[in-house]
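*Asks:* Got a predicted structure plus its sequence, pasted below:
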Amino acid sequence: MLPALSRPARRRAAQGGAAAALVLGLLLWWVLPLGEPEPSGSLTFSTGVPSGVYQRYGQRLEGALAKDMPKVSIQLRTSEGSQENLERVATGEADFTIATADAVATYLQSGRPGGARLRGCVRLYDDYIQLVVPKDSGVREVADLRGKRVGVGQKGSGVLLVADRLMKAAGIDPVADIRPVEAGIDTMPQRLADGELDAFFWSGGLPTGAVEDLSQRFAVRLVPLADELVGKLQAAGGSTRHYRSAVMPADAYHHAQQGQAVRTVAVANLLITTDRTDPLMTEAFTRTVIDSRDRIGREVHAAQLVDLRTAIYTDPLPLHEGARRYYRSAKP
């Protein structure tokens, strides 16, 4: 039988045990830091057509998300564009997407399924409406498209939405007055080069790789979109208030513009989710979009235009609570 410890000995033993527990606790904190919980699970990100800016941006963002959210499995899904993207997210087929503000407003106003659940995360970069024609074309303004074969974007795209509106503003019936061809940016440039199209509309960040590639192998130019078209668009009210006059810089497409700036129409792109998405996941996703701007922007120029000062303005959608948490934490 062991002898009983004296009171001083018991006190020293207790103090030693407490010190050991403290050291052990510090070691565990060092090895297994107790920080904020990390998002986990899976998410689907609906992007856009192959070779379009949405898809190229999504591919680069996927890598950044995988690094920042290692416990999340990420799946990219190509789409026809903004309108299909919104339907996917609103109905639960995808968790995050990108869409133009005019397409969002149109979806909300039409009372489509799930619209009330849509939430904004980030105002990203602006899309510029691009009307591309062969360099020797007689098309000098939208009204000259009458009777022409015109690529107007795919059925579920934001391109189709704005192309129809621009033609109507120019006095052209987009069905009866032209020969509309529903196609995406993945095929329209080659169709123009092959003589199957007389013109095509595109809505995307600058520069769009498919348009740049076309301009380097086939002589094209960009048709100016006059300011009065924007005035007519905005006069219609509703979702058209999201259009604004803009200028494509002279160096956006060196070969196509020959050093000349081009008047056009612009509309903001939004990163979108729904109120079903976990705030922790949304906060982390939003943080990655902002933090990866410069890195992704070296390959997808439009990403450089994401600005923390304006990212919070996701009109016409309310801001998701998770995104709101990020912006609060990001304040200087």
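*Replies:* On my side now, so go ahead. Numbering: from 1, shown residues only.

*Asks:* Mind listing what's buried along stretch 315-323?
*Replies:* 316, 317, 319, 320, 322, 323 (16 or more other CB atoms under 10 Å). Where you see a C-beta, it was placed from the backbone N, CA and C, and this is true even at glycine.

*Asks:* end-to-end on that stretch?
*Replies:* With CA to CA, to the nearest Å as the measure, stretch 315-323 spans 14 Å from end to end.

*Asks:* of the buried residues of stretch 315-323, closest to residue 72?
*Replies:* Distance to residue 72, by CB to CB, is smallest for residue 322 among the buried residues of stretch 315-323, at 13.5 Å.

*Asks:* In TSV: the buried residues of stretch 315-323, plus distance to residue 292.
*Replies:* Below are the buried residues of stretch 315-323 laid out as TSV (distance: CB to CB, whole Å):
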residue	distance to residue 292
316	26
317	22
319	20
320	19
322	17
323	15
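
*Asks:* Mind jotting down where the helices sit in this structure?
*Replies:* In the chain, the helices defined using DSSP state H lie at 7-31, 53-68, 82-90, 101-109, 158-169, 188-193, 209-217, 227-235, 254-257, 279-291, 293-297, 321-329.

*Asks:* for the fifth one, packing partners?
*Replies:* Judged by 3 or more CB pairs under 8 Å, 6 or more residues apart in numbering; DSSP states H and E, the packing partners of helix 158-169 are helix 82-90, strand 96-100, helix 101-109, strand 118-134, strand 199-204, helix 227-235, strand 262-274.

*Asks:* again with the second one
*Replies:* On a contact count with 3+ CB pairs under 8 Å, 6+ apart, helix 53-68 meets strand 41-46, strand 72-77, strand 96-100, helix 279-291, helix 293-297.

*Asks:* tell me the angle of that helix relative to helix 158-169?
*Replies:* 150 degrees (axes from the mean of the first three to the mean of the last three CA atoms, to 10 degrees).

*Asks:* average pLDDT for helix 53-68?
*Replies:* On average, the pLDDT along helix 53-68 is 95.

*Asks:* and if you look at the third one?
*Replies:* Helix 82-90 carries an average pLDDT of 97.

*Asks:* Using the record's assignment, carve this structure into domains.
*Replies:* 41-124+269-329, 127-268 (automatic domain parsing).

*Asks:* Show the end-to-end separation of the longest one, please.
*Replies:* Domain 41-124+269-329 has an end-to-end distance of 24 Å (CA to CA).

*Asks:* Ok, the shortest one next?
*Replies:* End-to-end distance of domain 127-268: 6 Å, with CA to CA as the criterion.

*Asks:* Would you mind measuring from residue 142 to residue 93?
*Replies:* Residue 142 sits 35 Å away from residue 93, going by CB to CB, to the nearest Å.

*Asks:* between the helices and strands packed on helix 53-68, which one is nearest to residue 83?
*Replies:* Across the helices and strands packed on helix 53-68, closest to residue 83 is strand 96-100 (CB to CB), at 7.7 Å.

*Asks:* Could you list the low-confidence segments of this protein?
*Replies:* Along the chain, the parts satisfying pLDDT under 70 run over 1-36, 332.

*Asks:* For the one residue sitting closest to the centre of it, list each beta-bridge partner.
*Replies:* For the chain, residue 98 is the residue whose C-alpha lies nearest the centre (CA atoms, centre = their mean; 3.6 Å). Beta-bridge pairing of residue 98 under DSSP bridges involves residue 271.

*Asks:* any idea how far residue 158 is from it?
*Replies:* 10 Å.

*Asks:* can you pull the contacts of residue 64?
*Replies:* For residue 64, the contacting residues are 288, 291, 292, 295, 296, by CB atoms under 8 Å, 6 or more residues apart in numbering.

*Asks:* hang on, I meant residue 272
*Replies:* Here residue 272 is in contact with 85-86, 89, 96-99, 104, 118-121, 317 (CB under 8 Å, 6+ apart).

*Asks:* Apply 10 Å and report the result again.
*Replies:* 46, 82, 85-86, 89-90, 94-99, 104, 107, 118-122, 314, 317, 320 (CB atoms under 10 Å, 6 or more residues apart in numbering).

*Asks:* my read: residue 164 touches residue 180, true?
*Replies:* Yes. Using CB atoms under 10 Å, residue 164 is in contact with residue 180, at 8.7 Å.
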